[in-house]
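Engineer: quick one, structure for this:
(chains A and B)
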Amino acid sequence: MAFLRHLVTRKVGVLQPTFLYNSARQAGIQYMDDFIPGPYPKTEKERLAAAKKYGLLPHEYKPVADDGWGKGDYPHLPDIGADSKDPNYPWDYPEFRINYGEPLHHNFEIYGEDRLDPAKDWGISKTDMVKYFVVTMALAAAIALLADPYPIHRPVCEKQYPLPGKVHYSFERP
Amino acid sequence: MGTAWTHFVAPGTIPLEFAESQFDPMFGFEATGRKERKIDATIAEMDSFLLPSERRDFCAKELMEYQTCMTNNFPLYLKCTHQLHHYGFCQYDDYVIRMKEYEREKRLMARAKRVGPERAGYKVAPTES
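Structural biologist: All right, here's what the predicted structure looks like:
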């Protein structure tokens, strides 16, 4: 299955570096059923078993906090959105920037390329963001409030409609 | 200058765009009287043409003639150019009347400042009896 996907998603060619990279990873076939979380690991032995189940090294494995939301022993992977991942790495699924058999973040659906990226470097701090927002909105509000009594309009009166009970006059001689 | 500048440096000397006139419409026309604006179309006629309320102005008749022509000559709308121009000229004349009303209001405001409120020609509120 992975090889078929490989054929349709990447350029076909044995000598492509992508093929060489991926060939090592295609030894074992995994299903999504393998990642159904079990109960929260309490002992060290359960912890090691859970890490093996998700294909992680024991020092990488850190379960999601047991806060009653039913994540079980699912690993808490680094909070990195797809936008922060290397775009030049030959991903198996370049649209998600993930590899085959890789455990997904439990918030994977909102960490897509077009959505949230908690690790994104915005270049300015949160304080500066709030500062700029407040200053911009305050300037706009000040301009709107100060200019409100002095409107720019065309030098015409209101449009006249032949409504019942309303009389309008023209400037012609009667 | 623009209206914003005039409103700023000399507030109250020019009328606002959609303000109702504070002067008697017949003031200054007592000798000759004024010609009342009339429209030939009836409300039932405008209803049958499904005219929206903003089109039911003093050019509704011309608009209905244009729409009738378009219906009769579909799809040769070039035959209705005359009616279209007629409607446009009507709207132009309507706009000129609005500009004249604004100018009259502006001059009467300046005059009211000069001669005082008694002789300004303000609208007389209807007395309750």
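
Engineer: tell me the confidence at residue 48?
Structural biologist: Just going to use chain A. pLDDT, residue A:48: 93.

Engineer: ah, no, chain B please
Structural biologist: Confidence for residue B:48, expressed as pLDDT, is 96.

Engineer: that one and residue B:87, how far apart?
Structural biologist: Residue B:48 is 18 Å from residue B:87, where distance means CB to CB, to the nearest Å. Every C-beta, even on glycine, is put in place using the N, C-alpha and C of the backbone.

Engineer: the more surrounded of those two?
Structural biologist: residue B:87 (20 against 10; other CB atoms under 10 Å in any protein chain shown).

Engineer: residues contacting residue B:110?
Structural biologist: residue B:13 (CB atoms under 8 Å, 6 or more residues apart in numbering or on different chains).

Engineer: pretty sure it sits in a strand.
Structural biologist: No - when classified by DSSP: H, G, I helix; E, B strand; the rest coil, residue B:110 is found to be helix rather than part of a strand.

Engineer: ok, residue B:46 - contacts?
Structural biologist: The neighbours of residue B:46, taking CB under 8 Å, 6+ apart as the test, are B:56, B:60, B:64.

Engineer: that one should be in a helix, yeah?
Structural biologist: Yes - when three-state DSSP is applied, residue B:46 is found to be in a helix.

Engineer: before we move on, the earlier item: narrow the contacts of residue B:46 to those in helices?
Structural biologist: Among those, the members found in helices (DSSP state H) are B:60, B:64.

Engineer: name the nearest of the contacts of residue B:46 relative to chain A.
Structural biologist: Using CB to the nearest CB, residue B:56 is the member of these that lies nearest chain A, at 6.2 Å.

Engineer: that closest one contacts residue A:161, doesn't it?
Structural biologist: Yes - look at residue B:56 against residue A:161 with CB atoms under 8 Å: they come within range, at 6.2 Å.

Engineer: the contacts of residue B:46 into JSON lines, with extra columns for neighbour count and distance to chain A?
Structural biologist: Putting the contacts of residue B:46 into JSON lines (neighbours: other CB atoms under 10 Å in any protein chain shown; distance: CB to the nearest CB, whole Å) gives the following:
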{"residue": "B:56", "neighbour count": "19", "distance to chain A": "6"}
{"residue": "B:60", "neighbour count": "23", "distance to chain A": "8"}
{"residue": "B:64", "neighbour count": "20", "distance to chain A": "13"}
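
Engineer: so which of the contacts of residue B:46 is the closest to residue A:47?
Structural biologist: If you rank the contacts of residue B:46 by distance to residue A:47 using CB to CB, residue B:56 comes first, at 78.4 Å.

Engineer: ok so, going back, now flag whichever of the contacts of residue B:46 is closest to residue B:100.
Structural biologist: residue B:60 (21.1 Å).

Engineer: tell me the pLDDT at the residue lying closest to the closest one once chain neighbours are set aside?
Structural biologist: In space, and not counting its chain neighbours, residue B:60 is closest to residue B:41: 5.0 Å by CB to CB, 6 or more residues apart in numbering or on different chains. For residue B:41, the model assigns a pLDDT of 91.

Engineer: residues touching residue B:41, list them.
Structural biologist: Applying CB under 8 Å, 6+ apart, we find residue B:41 in contact with B:60-61, B:64.

Engineer: got any ranges where the chain has weak pLDDT?
Structural biologist: Since no chain was named, I'll use chain A. Applying pLDDT under 70 to chain A flags residues A:1, A:3-32.

Engineer: looking at chain B here, not the other one
Structural biologist: For chain B, the ranges with pLDDT under 70 are B:1, B:126-129.

Engineer: how near is the residue of it positioned farthest from its centre to chain A?
Structural biologist: Here chain B reaches farthest from its C-alpha mean at residue B:75, the gap being 33.5 Å by CA atoms, centre = their mean. Using CB to the nearest CB, to the nearest Å, residue B:75 is found at 32 Å from chain A.

Engineer: picking up where we left off before, confirm the residue nearest to residue B:60 sits in a strand?
Structural biologist: No - assigned with three-state DSSP, residue B:41 falls outside any strand and is coil.

Engineer: leaving out chain neighbours, which residue sits closest to the residue minimising distance to the centre of chain B?
Structural biologist: The centre of chain B sits closest to residue B:98, judged by CA atoms, centre = their mean, with a distance of 4.4 Å. Excluding the flanking residues, the one nearest residue B:98 by CB to CB, 6+ apart is residue A:156, at 4.1 Å.
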